[in-house]
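Engineer: Provide a 3D model corresponding to the input given below.
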Amino acid sequence: MYNPVGGDAFEYVELVNLGTSTLNLAGVRFTEGITYTFGAELLRPAERIVVVKDPTAFASRYDTNAIRMAGGAFTGRLDNGGEPLPLVDAA
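Structural biologist: Predicted structure coming up:
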């Protein structure tokens, strides 16, 4: 969500595991546009996880009981004109 109503505090990135194996996200990180490194997170097949700019703002708008949120928040901001968001593995 790169250009949400209400401003940058409501930005988030959602990841989904489209594969058939569980993914270990520990140490996986965004390196451009936004900065975020995952902690000890497993993402099972078909599971989703969101990385948010501002957890408090996000929780004020969305039902966080139904959405899996990664710990913490990303820094930086999403470019409203579009941009690549490299996701780099732990290695």
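Engineer: could you use CA atoms for every contact and neighbour count after this?
Structural biologist: OK.
Engineer: mind checking pLDDT for Gly72?
Structural biologist: Here the pLDDT value assigned to Gly72 is 95.
Engineer: same question, the one 4 residues further on
Structural biologist: Listed pLDDT for Gly76 reads 94.
Engineer: got the residue ranges for the strands in this structure?
Structural biologist: For the chain, the strands defined by DSSP state E cover 12-16, 23-24, 29-30, 34-37, 42-43, 48-52, 75-76, 87-88.
Engineer: between the ones you listed, which one is nearest to Phe58?
Structural biologist: With C-alpha to C-alpha as the criterion, Phe58 lies closest to strand 48-52 of the strands of the chain, at 7.1 Å.
Engineer: just list the residues touching the residue nearest the centre of the chain, thanks.
Structural biologist: Centre of the chain computed as the mean C-alpha position; nearest residue by C-alpha atoms, centre = their mean is Val51, 2.3 Å away. For Val51, the contacting residues are Tyr12, Val13, Glu14, Met69, Ala70, Gly71, Gly72, Ala73, Phe74, by C-alpha atoms under 8 Å, 6 or more residues apart in numbering.
Engineer: perfect, that will be all.
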